[in-house]
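*Asks:* What follows is a predicted protein model with its sequence.
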Amino acid sequence: MSELPIVVIGAGPQGLAAAAHLVERREDVVVLERGRGPAAAVSEWGHVRLFSAWPELTDAAARRLLEPTGWTAPTAGCPTGAEWVSDYLAPLAGALGERIRYGTAVTGVARQGRDKVVESGRRNQPFVVHTLDADGTESRIRARAVIDASGTWGLPHPAGADGFPAVGEAAASDLISYRIPDDVSGLAGSHVVVVGSGHSATHAVLRLSELARRSPGTRVTWLLRRGSAANVLGGGAGDELPERAALGSRVSKVIHDGVVEVVTGFRVAEFRRDGSGLVIVAEDGREMAEIAHVFALTGFRPDTGILRELRIDLDPALDAVAGIASEIDPNIHSCGSVGATGARQLMQPEEGLFIVGAKSYGRAPTFLALTGYEQVRSVAAHLVGDREDAARNELTLPATGVCGGSGDFDDGASGCCAAPAVLQIGLRPVTVG
């Protein structure tokens, strides 16, 4: 099998970085990308500005591959997704050249001639990666190892609070979006609702708040499942990523100013049409009416269907790689408290298979590019037999300023912090830790 390539699934930031590390180690690598260009998923949110600065967004091996071409690493500021692609990811893909196959969807990965059940001789068989090209052509690629960096972008969480779509959610799909909006001018003068508490939801709230300030009659409501808005306000001065801290400060201001109404403890159970709008019903029976559009930004989950014939070990709660789950559990940690996540932690029962990047985090939030770059550096070293380099920890994450985990789901208590206090934010009291 040493003559077979290593297949990387996904030409996003971590997939391209993995390929760069393997090329640097003179390995034969094939990158399979469903989209028609590099970082297709990033391009879909190209209008959003990252809160990581340029030094945290480029990989060391990728820089070494690019610099002989005359490329210079950007050093200042936080790019938008589009700028990340144009100024780094697209040049990196260009340097990797024909190693990347675009318009190629992976439909399954298995051991040659053996489904998941068969044990005999399993480890001696190469992987077989099943693909479907844009023209409908099916193919199989044999590989000695597989790095799944396909991400989670294609499978957003529904608005329903129990993990399944709420009653009526599918029927109301024309009035519900699952991505951060770009142009929201068409919603001027209407009631818009954001569901979710992460950075995507924060971005959407801020974009809609700008619309509300310039278009009288626009109403923005932010529905939070938890009993507190504390964690969405961020770590303030304690956050070592200034842009991430600024997000919390900006959203705190629009809430204080009454531009955005925050409703806590609202867990969506049902959507009902009412004329041209929607009524949202909570698990506790509360209703919110006259809604023109809903942005459900409740996170993403990994699609592990392509790995169903392989033996994988995922955490039962997070759908994350089991070896790193305890480090990234949002009930316990902020992303600033995550330790090393190298090849040893990422190993699967199926020897030679690694799940990296956002997909390795499963449903856990706050994945940073820095984490993914450290993952693929370690995995590439492991695959070429450099166990010492694979075991080395080069990961240092910026602190979030958020203490401990997310606290109690119902009353909003904030993990290991002191007892919560109540502040008056805008028109309603909000509990903060």
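*Replies:* Perfect, I can see it now. Numbers count the residues shown, from 1 in each chain.

*Asks:* from here on, contacts and neighbour counts on C-alpha atoms
*Replies:* Noted.

*Asks:* what does stretch 195-202 rub up against?
*Replies:* 159, 179-180, 194, 222-225, 232, 247-248, 251, 294-299, 365 (C-alpha atoms under 8 Å, 6 or more residues apart in numbering).

*Asks:* Which of the residues you listed fall in strands?
*Replies:* 194, 222-223, 294-296 (DSSP state E).

*Asks:* Output the lowest mean pLDDT helix or strand found in this protein.
*Replies:* Counting by mean pLDDT, DSSP states H and E, the weakest-scoring helix or strand in the chain turns out to be strand 421-425, with a mean of 32.

*Asks:* Can you list phi and psi of the residue nearest in space to the middle of the chain for me?
*Replies:* Nearest residue to the geometric centre of the chain (C-alpha atoms, centre = their mean): residue 358, 5.1 Å. Backbone torsions of residue 358, given as degrees, to the nearest 10, read phi -60, psi -30.

*Asks:* In the stretch 101-250 of the chain, mark out all the strands, start to finish.
*Replies:* 104-111, 127-133, 138-143, 145-148, 176-177, 191-195, 219-223 (DSSP state E, counting those that start in this stretch).

*Asks:* tell me the mean pLDDT over the fourth one?
*Replies:* Confidence for strand 145-148, expressed as mean pLDDT, is 98.

*Asks:* what do you get for the second one?
*Replies:* Within the predicted structure, the mean pLDDT of strand 127-133 is 97.

*Asks:* Quick check: the gap between the residue nearest to the centre of the chain and residue 2.
*Replies:* Distance, residue 358 to residue 2, using C-alpha to C-alpha, to the nearest Å: 28 Å.

*Asks:* now do residue 302
*Replies:* 30 Å.

*Asks:* and the two? which has more neighbours close in?
*Replies:* For residue 302 and residue 2, the more surrounded residue by other C-alpha atoms under 10 Å is residue 302, and the numbers stand at 21 against 11.

*Asks:* quick one: contacts for the closest residue to that one other than its chain neighbours?
*Replies:* In space, and not counting its chain neighbours, residue 302 is closest to residue 152: 4.8 Å by C-alpha to C-alpha, 6 or more residues apart in numbering. Counting by C-alpha under 8 Å, 6+ apart, residue 152 makes contact with 300-303, 358-359, 362.

*Asks:* Find the pair from the residues you listed with maximum spatial separation.
*Replies:* 303 and 358 (11.4 Å; C-alpha to C-alpha).

*Asks:* Show the end-to-end separation of stretch 33-52, please.
*Replies:* OK, stretch 33-52 end separation, C-alpha to C-alpha: 25 Å.

*Asks:* And it, what's buried?
*Replies:* By neighbour count on 16 or more other C-alpha atoms under 10 Å, the buried set for stretch 33-52 is 33-35, 37-43, 45-52.

*Asks:* Also stretch 274-282?
*Replies:* 277-282.

*Asks:* Output those in a markdown table; the columns should cover distance to residue 100 and secondary structure.
*Replies:* Below are these laid out as a markdown table (distance: C-alpha to C-alpha, whole Å; DSSP: H, G, I helix; E, B strand; the rest coil):
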| residue | distance to residue 100 | secondary structure |
| --- | --- | --- |
| 277 | 45 | strand |
| 278 | 44 | strand |
| 279 | 46 | strand |
| 280 | 45 | strand |
| 281 | 47 | strand |
| 282 | 46 | strand |
